[in-house]
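**Student:** sequence first, then the predicted structure, then my questions.
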Amino acid sequence: MPGRLVAFLLVSLLAGVLAASTLIPMAAVAATGTDMAVGVLDQLPDELETGPLDEGSKIYSADGVLLATFYAQNRVPVELDEMSQSMQDAIVSIEDARFYEHNGIDFMGIARAVASNASGSNTQGASTLTMQYVNNVLISRDIASGKGGSDLTLSGTKDMGDKLREAKLAVAVEKEYSKEEILEGYLNIVLFGGQTYGVEAAAQSYFGISASELNPAQSAMLAGMVQSPSHYNPFTNPEGTQARRDTVLAAMLKNDKISQAEYDEAVASGLDLNPQTVTSGCTGAEMAQYFCSYVEQTILQSEAFGADVKERAKLLARGGLTIRTTLDSRLQSQAQKQIEAQVPVGDPSGAGSAIVSVEPGTGKILAMAQNTEYTPELGNGKTQLNFNVDADMGGTPYGFQPGSTMKPFTTAAWLAAGHGLNDTIDATRTSYPAGFDWKASCLGPNAEFDEWKFKNASEGFEKKMTVAEGLRQSVNTATVAQAAQLDLCDIRDTATSMGVHRAVDGEPLEVTSPSFVLGGQEVSPLTIASAYATFASGGEYCKPTALTEVTDGSGNAYDVDTAECTRAISADVAAAVTQPLQKLVEGSPGSIHPIGVPAAAKTGTTDMSEQTWTVGYTTGIATASWVGNWNSYSSLNNQEINGVTRSYVDGSAIAGAQWTDYMSAVAKLYEAKDFPSVPDSML
């Protein structure tokens, strides 16, 4: 049919639809619109650029457990044969009964709409399913490009140009795609209310079943909703929704898509909803909410996923990513269980608690848990701050002082400098005067420090002892005596090579005072766990990593950080430091006791017990357990925590119980071999 004739007929019929409701003479509208329509048609594109559908991204654990879904539009695309026949029949019957007979424009349908509207009986539209599909694709494309979609197309109020564009593109679509492909595309893209798009997500959201299982009554309800998803909302307007459903069922009966018996049964039924809530993002995660947050931050901060944060967030919400991570759900479940056994979520004390595990030799994060609910809401036991990580990854602003868990790094530097584990040191000094000859080469030749006074946690350890004894007994004076014979910058550099850095800015520890060797500068649990994994791996530090594979719906793979490992200390030094830490576990201090496999650990306690730690490892798992105050500097001493009040809380108490019970449950899941023997050169 010549283009001018098509344009004239189309404009005339569309004008009739408009005129019937606006009292404008149809002939006048048609006469003035034809030339404009032909010009518009000539300028419109001849094909529809569909592009990929918006699809949510999913985060999985290493063992395949779905952790969380991110979406702007809750959609699960499926093929037509995965949609029940009743769903296909319902949407065609109510929206476009002549769908299989027209070529994208239904002139008979338009004429019928003109007559119906002119008679005043009711108001009918003239869009075919193909035109509606085109409309939805245009909206989706605008949203994807950042235009936000068209309010006119969303509301159904369209001018002549909108209708002409839909009509021409509908014809083009019909030439390129089969009816089955068009119907499949429509049922995957159309809105079913809220953020629920596509029939699969709708079936799951409203009935808790897949689209392939939809019966006639359920199909009719969903098909009826697309006309006005906000109005025909079964939760807020069940009566109106049911009436609309019955209208669809009547249309199905009229078009011989269901029998009279099926119709009678369906209209006699209720809506029978079984709503399934899917919450976007980490607040809706079934487990590991804070690990989910860490994964989200990893993606938002990686150039592999876009040029800037806005582009990366868009990809996460709309790109249909499949994100596979390092998390072991078995370890995660145990970590959460043991944390809540010691400091329950919302405990009146307000104490925070966290466990994080990494795999030595790979840096894979295996578990990350804490005793709060991940939520923006305010209240005891509620926060989006991740206790386990640095400030820039969603952690607390400053991290936590690690206390004596810093001491092994001084011993590692001691051994690397050629000293021995069994060397005797003078651990009697509890003060060093201003002007003491500390060595700090990174500060220049004239570096001086103020007078420093400190004490041991327990009396009676101000004496001569071996380095090994000083580390096992966690004697402050022993560690400082070692530091006094070393270059402080070497101690700092040893820790840095093992991944130790400040939680506030990611920078190496500051050598502004010798006190850093006793844990006076804040770090994160993930940092300390990864550093201790260096001892477990034989001296190789591996940067912690959370991602193993990221692909999109088209199968495109994104670059993710793989194991990034470097030699930090020698295997001999790692073995030597491990020996006294293994004896610490075997000595069963506080709540710590052997876990059934070779294990080593170190406790840490700040001066007033504001922060307490047990950090330890097997050859297969390194774990940091922390208990402390995260929003104040108040002491844990004399505080009722989980119904128990202790006059003194050190690292071997609550944090030690967490570490011990957790590692006892999971250590055998990863190979836990004997630690290497200490060579004579280290003794």
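**Tutor:** Yes, it's here.
**Student:** residue 282: neighbour count?
**Tutor:** 24 (other C-beta atoms under 10 Å). Yep, even glycine has a C-beta here, placed from its N, CA and C like the rest.
**Student:** just say helix, strand or coil for the closest residue to it other than its chain neighbours.
**Tutor:** Distance criterion C-beta to C-beta, 6 or more residues apart in numbering; nearest residue to residue 282, sequence neighbours excluded, is residue 292 at 3.9 Å. Under DSSP: H, G, I helix; E, B strand; the rest coil, residue 292 falls in the helix class.
**Student:** any idea how many residues pack against residue 292?
**Tutor:** 27.
**Student:** now do it against residue 67, distance only.
**Tutor:** Computed as C-beta to C-beta, to the nearest Å, the residue 292 to residue 67 distance reads 6 Å.
**Student:** so what sits against both of these two?
**Tutor:** Here residue 292 and residue 67 have 59, 285 as joint contacts, going by C-beta atoms under 8 Å, 6 or more residues apart in numbering.
**Student:** residue closest to the middle of the protein?
**Tutor:** The geometric centre of the chain, computed from its C-alpha atoms, lies nearest to residue 292 (C-alpha atoms, centre = their mean), at 3.3 Å.
**Student:** residues contacting that one?
**Tutor:** Applying C-beta under 8 Å, 6+ apart, the residues near residue 292 are 59, 67, 68, 281, 282, 285, 374.
**Student:** hmm, try it at 10 Å
**Tutor:** 59, 67-68, 70, 281-286, 323, 325, 327, 368, 374, 386, 546 (C-beta atoms under 10 Å, 6 or more residues apart in numbering).
**Student:** what does residue 605 give?
**Tutor:** 401-405, 457, 474, 519, 611-614, 628, 636, 648-653, 655.
**Student:** element containing residue 245, please.
**Tutor:** Per DSSP states H and E, residue 245 falls inside helix 238-254.
**Student:** quick one: the next helix or strand after that helix to helix 238-254, angle?
**Tutor:** Once helix 238-254 ends, the next helix or strand along the chain (criterion: DSSP H and E) is helix 260-267. In terms of direction (axes from the mean of the first three to the mean of the last three C-alpha atoms, to 10 degrees), helix 260-267 departs from helix 238-254 by 170 degrees.
**Student:** pull out the buried positions in helix 260-267.
**Tutor:** 262, 263, 266, 267 (16 or more other C-beta atoms under 10 Å).
**Student:** spell out the secondary structure type for the nearest residue to residue 60 once chain neighbours are set aside.
**Tutor:** Closest residue to residue 60 apart from its sequence neighbours, by C-beta to C-beta, 6+ apart: residue 324 at 5.2 Å. Under the three-state scheme (three-state DSSP), residue 324 adopts strand.
**Student:** show the contacting residues for residue 324.
**Tutor:** Residue 324 touches 58, 59, 60, 61, 62, 64, 547, 548, 549, 550, 551, 560, counting by C-beta under 10 Å, 6+ apart.
**Student:** who wins for neighbours among those?
**Tutor:** Result: residue 59 is most packed of these (other C-beta under 10 Å), 29 neighbours.
**Student:** I'd say it and residue 280 touch.
**Tutor:** No - using C-beta atoms under 10 Å, residue 59 makes no contact with residue 280, being 11.6 Å away.
**Student:** so what sits against both of those two?
**Tutor:** 68, 69, 70.
**Student:** of those residues, which is the nearest to residue 235?
**Tutor:** residue 69 (20.8 Å; C-beta to C-beta).
**Student:** how about the contacts of residue 324, which pair is most distant?
**Tutor:** 64 and 560 (17.5 Å).
**Student:** still on that earlier bit, want to throw the shared contacts of residue 59 and residue 280 into JSON lines with pLDDT and neighbour count?
**Tutor:** As requested, the shared contacts of residue 59 and residue 280 are arranged in JSON lines below (pLDDT from 0 to 100; neighbours: other C-beta atoms under 10 Å):
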{"residue": "68", "pLDDT": "95", "neighbour count": "26"}
{"residue": "69", "pLDDT": "94", "neighbour count": "18"}
{"residue": "70", "pLDDT": "94", "neighbour count": "24"}
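**Student:** tell me which of the residues you listed is nearest to residue 223?
**Tutor:** Out of the shared contacts of residue 59 and residue 280, the member with the shortest distance to residue 223 (by C-beta to C-beta) is residue 69, at 25.5 Å.
**Student:** doesn't the closest one belong to a helix?
**Tutor:** No - under three-state DSSP, residue 69 sits outside any helix and is assigned strand.
**Student:** coming back round to it: the residue nearest to residue 60 pairs with what?
**Tutor:** residue 60, residue 549 (DSSP bridges).
**Student:** how does this protein divide up, domain by domain?
**Tutor:** As given by automatic domain parsing, the domain ranges for the chain are 327-400+524-551+561-683, 407-521.
**Student:** which of the ones you listed is buried the deepest?
**Tutor:** Comparing these by mean neighbour count (mean count of other C-beta atoms under 10 Å), domain 327-400+524-551+561-683 ranks first with a mean of 21.
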